[in-house]
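Participant: the following comprises the amino acid sequence and a computationally predicted model.
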Amino acid sequence: MTRLRTAIPGPQSLELQARRKGAVAAGVGSTLPAYIDSADDGLLIDVDGNQLIDLGSGIAVTNAGNPAPAVAEAVHAQIDRFSHTCFMITPYESYLEVCEQLNDLTPGDHEKRSVLFNSGAEAVENAVKIARHVTGRQAVVVFDHGYHGRTNLTMALTAKNMPYKHRFGPFAPEVYRVPASYPLHDGLTGPEAASRAIAAIEKQVGADNTAAVVIEPIQGEGGFIEPAEGFLPAIARWCRDRGVLFVADEIQTGFCRTGSWFALDHEGVVPDLITTAKGIAGGLPLAAVTGRAEIMDAVHVGGLGGTYGGNPVACAAALGTIRTMRERDLNAAARRIEETVLGRLRAVAEKTGIIADIRGRGAMLAIEFTERTPDVAARVAKACHEQGVVVLTCGTYGNVIRLLPPLVIPDDLLAEGLDVLEGALLA
Ligand SMILES: Cc1ncc(COP(=O)(O)O)c(C=O)c1O
């Protein structure tokens, strides 16, 4: 089936791209500058009428569809009633409902509370605020290859210099980085990698100075790195024994992306605080910190919040998203995607020497190339883009292609996208 009418990007996109240069700051990039006019779950239709197959979900956001009918309906209904009051001024019920859902769905059956924000970075900032306030300690421990956002504190928490940190310092103090678990490269078991990280914390920071360990259960921008089995439980145990808060950043991994509501569910790890965003609200800006009631309630009134945090339209979208995830069992859908994609990619890997690893869980899947430079990943991504398939790259060395299809993508569309990717890998 031919989905493309023009070269990608097409003439109208190129015109917009030229106009953009005079209007939009150059520091904002676009992976594939085909300007989008509409979407239909796994398809993005650009202004030239090209149908692009979406294997990126706007970086793990449109998990439940684009647009998901229940989200569109909820947003329309809410915007007709009121668009904003500021929850800190005059509250509304949907904020409560989103918090109740988060308290119910996040790992652990203890009593929880939530607070809502606009972006992932803002949620991470606030998790650190809460952890410092409650523990009375200042140090925050993060990991090699970690990514937590682009604000000043979250840049400090993020590992990679280019493009995230370069010439944007000085960064927030009291942030300490320790080695992560990267099974392909370190060859360590989970408990061994955890002992290495814990030794670094104890030697270089001191448990008594540490407010929180902030960790992505599967590292996203760093390369879709799944830690070896046992790593996360060992870190969580150490935190519990030392009064350090275990903060899970599930902004990319959350909301059915890995075949369970949260990636921590896989090993039964229960965090003290968890940050969520991206997949929570079908693309409307919403983020949250959810945590143990006694921790969350320890902060004084007015200490947390923001003008837009938990905006009613975003809350309506979140409730529509969560309903869709439950009704369509998108955890099962993510697991089916895993089976399809891993099966196909592993078969491809046997035919070429350029692939070092095929990995991932649910619909968060990756190809790491043997070459530790961005060249091969960039070439493969470019070939896919030219054929109308949206794939993203990631990794500390830029040598990883990551796949994040919407969980509702039809099987035939996924297969079509994988055909193109396979062709690009074997070219
Ligand atoms: C794990 C993780 N944390 C934090 C963020 C930052 O989220 P946002 O871009 O919404 O600020 C991201 C975004 O990619 C992420 O993947």
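Facilitator: That came through fine. Numbering: from 1, shown residues only.

Participant: how close does Tyr35 get to Arg3?
Facilitator: Between Tyr35 and Arg3 the distance, using C-beta to C-beta, to the nearest Å, works out to 16 Å. C-betas here are computed from N, CA, C, even on glycine.

Participant: higher neighbour count, these two?
Facilitator: The neighbour comparison of Tyr35 against Arg3 (other C-beta atoms under 10 Å) goes to Tyr35, with 19 against 16.

Participant: that one reaches Asn50, doesn't it?
Facilitator: No - at 10.3 Å, Tyr35 does not count as touching Asn50 under the criterion of C-beta atoms under 8 Å.

Participant: tell me the secondary structure for the spatially most central residue of the chain?
Facilitator: Nearest to the geometric centre of the chain sits Gln252, at 1.5 Å (C-alpha atoms, centre = their mean). Three-state secondary structure (criterion: DSSP: H, G, I helix; E, B strand; the rest coil) places Gln252 in coil.

Participant: look up the closest residue to it, ignoring the ones flanking it.
Facilitator: Of all residues not flanking Gln252 in the chain, Gly220 sits nearest, at 3.8 Å (C-beta to C-beta, 6 or more residues apart in numbering).

Participant: quick check: the gap between the residue in the chain positioned nearest to the ligand and Leu413.
Facilitator: Nearest residue of the chain to the ligand (C-beta to the nearest ligand atom) works out as Gly120 at 2.2 Å. Shown here: Gly120 relative to Leu413, a distance of 28 Å by C-beta to C-beta.

Participant: more neighbours, these two?
Facilitator: More crowded of Gly120 and Leu413, by other C-beta under 10 Å: Gly120, with 27 against 21.

Participant: surely the more buried one and Arg150 touch.
Facilitator: No - here Gly120 does not reach Arg150: they are 9.5 Å apart, not a contact under C-beta under 8 Å.

Participant: can you pull the residues that touch both of those two?
Facilitator: With contacts defined as C-beta atoms under 8 Å, 6 or more residues apart in numbering, no residue is adjacent to both Gly120 and Arg150.

Participant: thought Leu188 was touching Ala228?
Facilitator: Yes - between Leu188 and Ala228 there is a contact at 6.5 Å, judged by C-beta under 8 Å.

Participant: which neighbours do the two have in common?
Facilitator: Ser181.

Participant: assign His145 to helix, strand or coil.
Facilitator: coil.

Participant: what sits against it?
Facilitator: When the contact criterion is C-beta under 8 Å, 6+ apart, the partners of His145 are Ala159, Lys160, Ala180, Tyr182, Gln219, Gly222, Gly223, Ile225, Thr396.

Participant: if I pick Gly146, what's in contact with it?
Facilitator: Contact analysis of Gly146 by C-beta under 8 Å, 6+ apart lists Leu157, Thr158, Ala159, Arg177, Ala180, Val214, Ile215, Glu216, Gln219, Gly222.

Participant: run the last query once more with 7 Å
Facilitator: If you count contacts by C-beta atoms under 7 Å, 6 or more residues apart in numbering, Gly146 has them with Leu157, Thr158, Ala159, Glu216, Gln219, Gly222.

Participant: how many neighbouring residues does the residue lying closest to Cys239 once chain neighbours are set aside have?
Facilitator: In space, not counting the residues next to it along the chain, Cys239 is nearest to Phe246; the distance is 4.1 Å by C-beta to C-beta, 6+ apart. A count of nearby residues for Phe246, using other C-beta under 10 Å, gives 23.

Participant: helices or strands up against the strand or helix carrying Phe246?
Facilitator: Counting by DSSP states H and E, the element that carries Phe246 is strand 245-249. The contact analysis (3 or more C-beta pairs under 7 Å, 6 or more residues apart in numbering; DSSP states H and E) places strand 245-249 against helix 120-135, strand 210-215, helix 231-242, strand 273-276.

Participant: can you say which of those is packed in most?
Facilitator: strand 273-276 (a mean of 29; mean count of other C-beta atoms under 10 Å).

Participant: hmm, it touching the ligand?
Facilitator: No - Strand 273-276 stays clear of the ligand (C-beta under 6 Å from any ligand atom), getting no nearer than 6.9 Å.

Participant: cool, and stretch 358-365?
Facilitator: No - contact of stretch 358-365 with the ligand (C-beta under 6 Å from any ligand atom) is absent, the minimum separation being 10.6 Å.

Participant: I'd like the numbering to begin with 170 instead of 1 from here.
Facilitator: Understood, numbering begins at 170; the last thing we discussed is stretch 527-534.

Participant: off-centre distance for that stretch?
Facilitator: What separates the centre of stretch 527-534 from the centre of its chain is 13 Å, taken as C-alpha atoms, centre = their mean, to the nearest Å.

Participant: in the chain, where's the longest helix?
Facilitator: Counting by DSSP state H, the longest helix found in the chain is helix 499-518.
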